[in-house]
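Engineer: One predicted model, sequence on top.
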Amino acid sequence: MTETGKTVTRVDLCEAVYKKVGLSRTESSAFVELVLKEITDCLEKGETVKLSSFGSFMVRKKGQRIGRNPKTGTEVPISPRRVMVFKPSAILKQRINSNGAGAKTD
Amino acid sequence: MIKSELVQRIAEHNPHLYQRDVENIVNAILDEIVAALARGDRVELRGFGAFSVKHRPARAGRNPRTGEHVPVDQKSVPFFKTGKEMRERLNRENATSEASA
């Protein structure tokens, strides 16, 4: 089944948990939220989240810099901020590139 | 936090499940995201972020040590864009108080 161009959302993740683990749909949906919440809480504290064979989420601190409004060209200061980055694991990168010979689902 | 710690934290909140079940839940979620990306689909999780696949065309690369030309094949790379709510959560006042680097 090749379903290119589709968007997978929470509903699909919940469905995957429901099918693979055998919990109720309500419980599955609560777990999807809980997993995302635990990851988010950790990142908010500035902690890195490493999920083996998937990838890691890291928080980076950015200092102040001068940006430019691309429309008007005026210079505006960009305040220091924290950004989140995702570093995909080698396994994930490999999986994405192995779809040449037809998409495969496990 | 690593995956086993994530599993442990969730298991603590759910004493009615075995750690093994929680592991299966976490893996089911991650596997579903990976499978979607392998198909070339997008994964959008409101409030968190969106995963997508970007295609990089083949290009002529160079071995930085020898200066030798090497062809680089086209490839697809996973890409993550942080969600709006997540971005805001990372930059709430109390969260950035120790951000002076």
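Structural biologist: Thanks, I have it. Residues are numbered from 1 along each chain as shown, chains lettered A, B, ... in the order given.
Engineer: can you pull up the bridge partners for the closest residue to chain B within chain A?
Structural biologist: Closest to chain B within chain A is residue A:86: 3.4 Å, counting by C-beta to the nearest C-beta. Yep, even glycine has a C-beta here, placed from its N, CA and C like the rest. Partner residues in beta bridges with residue A:86, using DSSP bridges, are residue A:57.
Engineer: That one touches residue A:56, doesn't it?
Structural biologist: Yes. Counting by C-beta atoms under 8 Å, residue A:56 is a contact partner of residue A:86 at 7.5 Å.
Engineer: which sections of chain B are below the confidence cut-off?
Structural biologist: Residues of chain B that meet the criterion pLDDT under 70 lie in B:94-101.
Engineer: what secondary structure does the residue positioned nearest the centre of chain B sit in?
Structural biologist: For chain B, the residue nearest the mean C-alpha position is residue B:80 (6.3 Å; C-alpha atoms, centre = their mean). Following DSSP: H, G, I helix; E, B strand; the rest coil, residue B:80 is assigned to strand.
Engineer: May I have the residues that are in contact with it?
Structural biologist: With C-beta atoms under 8 Å, 6 or more residues apart in numbering or on different chains as the criterion, the residues that contact residue B:80 are A:85-86, A:88, B:49-52.
Engineer: Enumerate every residue touching the residue nearest the centre of chain A.
Structural biologist: With distances taken as C-alpha atoms, centre = their mean, residue A:86 lies nearest the centre of chain A, 6.8 Å away. Residue A:86 is in contact with A:55-57, B:49, B:51, B:78, B:80, counting by C-beta under 8 Å, 6+ apart.
Engineer: Apply 6 Å and report the result again.
Structural biologist: A:55, A:57, B:80 (C-beta atoms under 6 Å, 6 or more residues apart in numbering or on different chains).
Engineer: For beta bridges, what are the partners of the last one?
Structural biologist: Note on residue B:80: beta-bridge partners by DSSP bridges are residue B:51.
Engineer: The longest helix anywhere in chain A: which residues count as buried?
Structural biologist: Ranked by residue count, the top helix of chain A under DSSP state H comes out as helix A:25-44. By neighbour count on 16 or more other C-beta atoms under 10 Å in any protein chain shown, the buried set for helix A:25-44 is A:27-29, A:31-32, A:34-36, A:38-40, A:42-44.
Engineer: show me which of those residues neighbour chain B.
Structural biologist: Checked against chain B using C-beta under 6 Å from any C-beta of the partner chain, these give the following subset in range: A:31, A:34-36, A:38, A:42, A:44.
Engineer: Near chain A, which residues of chain B are found?
Structural biologist: B:1-3, B:6, B:9-10, B:24-25, B:28-30, B:32, B:34-44, B:48, B:53, B:75-76, B:78, B:80, B:82, B:89-91, B:99, B:101.
Engineer: could you flag which of these are buried?
Structural biologist: If you count burial by 16+ other C-beta under 10 Å, the buried members of the residues of chain B next to chain A come out as B:1, B:3, B:6, B:9-10, B:24-25, B:28-30, B:32, B:34-44, B:48, B:53, B:76, B:78, B:80, B:82, B:89-91.
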